[in-house]
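**Student:** Structure for the following, please:
(one chain, ligands or ions: 3)
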Amino acid sequence: MPATPLVYPFTFGDRSMADLLGGKGANLSEMTRMGLPVPPGFTITTQACREFLASGVIPSSLTGEIESALRELEKMLDKKFGDPKNPLLVSVRSGAKFSMPGMMETVLNVGMTPEVAESLAKQTGDAKFAWDSYRRFIDMFGRIVCDIPPADFKKIEARILESHSVNSIQALTVDGLKALSQALIREIEAQTGKDFPTDPRQHLISSVEAVFHSWNSERAQIYRQRERIPSDLGTAVNIQSMVFGNLSDDSGTGVAFTRNPATGENGSYGDYLDRAQGEDVVAGIRNTMTLVEMNEREPKAFQELERVMSLLENHYRDLCDIEFTVERGKLWILQTRVGKRTAEAAFRVALQLVDEGKISMDEALSRISGEQLGHLMFPQFDLAGQVTEIARGIPASAGAAVGEVVFDSRRAFDLARAGHKVILVRRETSPDDLVGMVASEGILTSRGGKTSHAAVVARGMGKTAICGTESISVDERANLFTVGALTVYEGEVISIDGTSGIVYLGALPTIASPVTAYLEGKLDANSSQATPVVKAVDRILQHADASRVLRVRTNADTPEDAVRARILGAEGVGLCRTEHMFLGPRRAYVESLILAENEEAQRGIIAEMEPLQRGDFVGIMMAMSGLPVTIRLLDPPLHEFLPNIAELSAEMARAEALREEISPRQQAVFAAVKRLHESNPMLGLRGVRLGILIPELFKMQVRALVHACLEVRKLGHNPMPEIMVPLVATQRELLYLRKTLEEEIAHTLTGTGQHFDIPIGSMIETPRAAMTAGKIADHADFFSFGTNDLTQMTWAFSRDDVESSFLPRYLDLELLPFNPFESLDQDGVGLLVRIATEQARAHTSDFKIGVCGEHGGDPRSIHFFHSLHLDYVSCSPFRVPIARLESGRAVVLANMAGPASSST
Ligand code: ADP
Ligand code: MG
Ligand code: MG
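**Tutor:** Ligands and ions are numbered 1, 2, ... in the order given. Presented below is the predicted three-dimensional model:
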């Protein structure tokens, strides 16, 4: 006896053993244990596969173990493998730990020889069945074990069908089936240069080897990469006695789900095909029957199937999918697993199971995800009518958008304002396109991937986007794009599907998502119009809200965003970016400010800006009355407000060459642009540094804020402002600036008889700030992690550059497991977050800490922030419901994992 067996009978294992037996094997064992009608068999372990793949030969003990397991099987079934008198036939089935549907191989009817077929024909009285099974074996063995290209077999098949004057294999006579098998064998012998093996034991071992090898097939590798399944697990192999769905009219094969996996509707759902074997159902050779039709035909087997399905559901406490075969009216179960399902089905099924008393609300919450909720929030195209597809790109941000194409952001803004629905089409987008992006229904680019500026911004805004549509070429000057022979001009309408990445010509009708209507307060979950999925989302979200510890705020720069986010459940604003208030038409003020000749002129311009700024604050604080609003003081580098240096230099050079007059203003702008030009603007004059250089600017913002608070209070609302200082690196910066800000607040309030407690906090977005957070905490009332900048500076990745240069390659090579700007790098950047949090909480045990970077809306990152006991995350309005859900899930999942893992 070897130390660790490489073979286990189905009567041995259970579903917890997927590591060793693979998912299929573990579940076959589990069902055998439950007493379900599973054809007996045994499983060769994943360990055997790993040894085989490492050494290239079958492990020495394996052949012996297979032999003894086979003898046990023969005893149990009173049949003999390879013996024509009473033959045992088996299937050789792949089955890895994680389900990889259709990625690996399975060989059926192993043990078939011409002698066995002859005898089966006699025993069953059905020669056609026997020779069809033989034909199937040769076909599968040829393709899977001998690597014959399927197309070559198809050609032979066509030839035989023609010479027998029939048009399907089913219509072949016994002689036809024999002739086809012979022709396939001749092809195998021709291609391999060897005699076709006649010993069924050799067929068995070669099939096992072929299944082992299929772990490394190209499609299996690609699938694993996409699904992040480790490549060193190997597959188990299940040897199972055959049952025959192709035996008689009261035989057949099928697949079934215990509930509808597409819609989540209660009640079983499936397909059945009479006189069929193996994958005939999925292959779509003939039209299948529904389970209702199967019930009419095979009522006994159907009743048994219903009984098994209900047993399995109760046992696995989830939606199961099942492969079964009926042999002469008797049902056999060949496979089960917890079934894959759509987002809609996930929500509905989870709640059905709760209502049936099978799972708790906590479990229901653990079984759905924020990503699935996100899917339910996007509108969808109705593809029922006629559609014209013109291109395919990378689906970057889901949703369905229809609009007139526009190639310029400013133009998009103007047209949208005039009531047009537009789609911004660009080669790629930059931060300057923001106005246009906000104004349009969707974004289409010809360059860049899922992490490009367009993609990231679109996802953040919940806006549809397709990126990297390389087949279109965009001419931004001529205001058109071409794709093949087609030219699409500004104003023509296209439809873009951000879920599939398909671009259509013309306007496709969309179906609004009822879940979004519900989340936006336009549909009552208890009303008769509410669909089942809306009711399910409502109840699960309520449970998440009741469970979560993290608060969820929103990033909002405008009153409209704040209003929307509050309806979506935001509990305040965690980040109000004041620089957005100076883009668009107002950027002229900043330009003038930079060009101001003296302090007095500067003050004059700032005075003009103040009422505009105040107006912005009033709107936001009205929308968030009674909830905290964190105002971040001006952050971006000044050059962002000025013309591009390269373009301007070219223009000046041209003007000089043509001896055109250059106005003093133009000259001043040029001089300023040159003076302010930085080679690393992200590391230059921005954030707190700007406030120290031009204190008047920050003072103006604070005055505007205080005045806004007074105004809001006068209107009967309750403003709760907080001031946040960006890009702090040392506690001295904060202390210095804080004094100025506090003086200004006090000064502005003098004589009003009013008082406001305005906390002043620091962003933690430089590594130095994170490492010295304990000291910065001396002068800060709260912290907020700016995880975008923190990621950028920790990795030394300039986000806007790396996402279009080397990051995609790094992701391909798995040098990075994921884009660190999408999901927080917990080992590196996360360590800084942890250190800063520990220091702050050592300073003051209930020190308030939030997150306002992109990661505040990312599920994995949210779970991490929960584990560090942060107070809140802040994300874009559309991600608020997702963050609520995931914050609740973080609690539930940590509880389920037990106290040990919830502490880390
Ligand atoms: P996959 O993992 O690709 O689904 P399977 O190992 O499940 O591959 O097998 C493919 C098909 O062969 C399935 O439809 C299954 O029901 C059928 N099959 C496998 N083993 C047997 C058996 N012992 N008797 C009858 N049909 C079988
Ligand atoms: Mg299967
Ligand atoms: Mg920042």
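**Student:** if you skip the residues just before and after it, what's nearest to Val590?
**Tutor:** Leaving aside its sequence neighbours, Val590 sits nearest to Phe641 (CB to CB, 6 or more residues apart in numbering; 4.0 Å). Placement of C-beta: from N, CA and C, glycine included.
**Student:** and that neighbour, how many neighbours does it have?
**Tutor:** Residue neighbour count, defined by other CB atoms under 10 Å, stands at 20 for Phe641.
**Student:** which residues of the chain score low on pLDDT?
**Tutor:** Counting by pLDDT under 70, the chain has low-confidence residues at 1-3, 226, 281-286, 449-451, 459-460, 462, 899-904.
**Student:** Was I right to think the residue nearest to Val590 contacts Arg586?
**Tutor:** No: in this structure, Phe641 is not within contact of Arg586 by CB atoms under 8 Å, at 9.6 Å.
**Student:** what's the helix or strand for Ser133?
**Tutor:** helix 127-140 (DSSP states H and E).
**Student:** got the contact list for whichever residue of the stretch 751-900 of the chain sits closest to ligand 1?
**Tutor:** For the stretch 751-900 of the chain and ligand 1, the shortest gap (CB to the nearest ligand atom) falls at Glu814, measuring 26.0 Å. Neighbouring residues of Glu814 by CB atoms under 8 Å, 6 or more residues apart in numbering: Gln225.
**Student:** and it, that one's in a strand?
**Tutor:** No: using DSSP: H, G, I helix; E, B strand; the rest coil, the assignment for Glu814 is coil, not a strand.
**Student:** Name whatever forms a beta bridge with the closest residue to Gly339 other than its chain neighbours.
**Tutor:** Excluding its sequence neighbours, the residue lying closest to Gly339 (CB to CB, 6+ apart) is Asp321, at 3.7 Å. For Asp321, the beta-bridge partners are Phe257, Arg337 (DSSP bridges).
**Student:** Enumerate every residue touching Asp321.
**Tutor:** Shown in contact with Asp321 (CB under 8 Å, 6+ apart): 255-258, 261, 336-340.
**Student:** Run through the strands of the stretch 251-400 of the chain in chain order.
**Tutor:** Listed in chain order, the strands of the stretch 251-400 of the chain (DSSP state E, counting those that start in this stretch) span 252-257, 269-274, 289-290, 320-327, 330-338, 380-381, 388-392, 394-397, 400-406.
**Student:** could those go into JSON lines alongside distance to ligand 1?
**Tutor:** Putting the strands of the stretch 251-400 of the chain into JSON lines (distance: least, CB to the nearest ligand atom, whole Å) gives the following:
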{"stretch": "strand 252-257", "distance to ligand 1": "6"}
{"stretch": "strand 269-274", "distance to ligand 1": "10"}
{"stretch": "strand 289-290", "distance to ligand 1": "16"}
{"stretch": "strand 320-327", "distance to ligand 1": "4"}
{"stretch": "strand 330-338", "distance to ligand 1": "4"}
{"stretch": "strand 380-381", "distance to ligand 1": "30"}
{"stretch": "strand 388-392", "distance to ligand 1": "28"}
{"stretch": "strand 394-397", "distance to ligand 1": "27"}
{"stretch": "strand 400-406", "distance to ligand 1": "33"}
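**Student:** thinking Leu734 is in contact with Ala777, fair?
**Tutor:** No: using CB under 8 Å, Leu734 is not in contact with Ala777, being 9.8 Å away.
**Student:** From His543, how far out is the residue positioned nearest the centre of the chain?
**Tutor:** Central residue of the chain (CA atoms, centre = their mean): Glu371, 6.2 Å from the mean position. Distance, Glu371 to His543, using CB to CB, to the nearest Å: 18 Å.
**Student:** now do Ile66
**Tutor:** Computed with CB to CB, the distance linking Ile66 and His543 is 50 Å.
**Student:** go on, Phe10?
**Tutor:** 39 Å.
**Student:** got it, and Asn287?
**Tutor:** From Asn287 over to His543 (counting by CB to CB), the distance is 43 Å.
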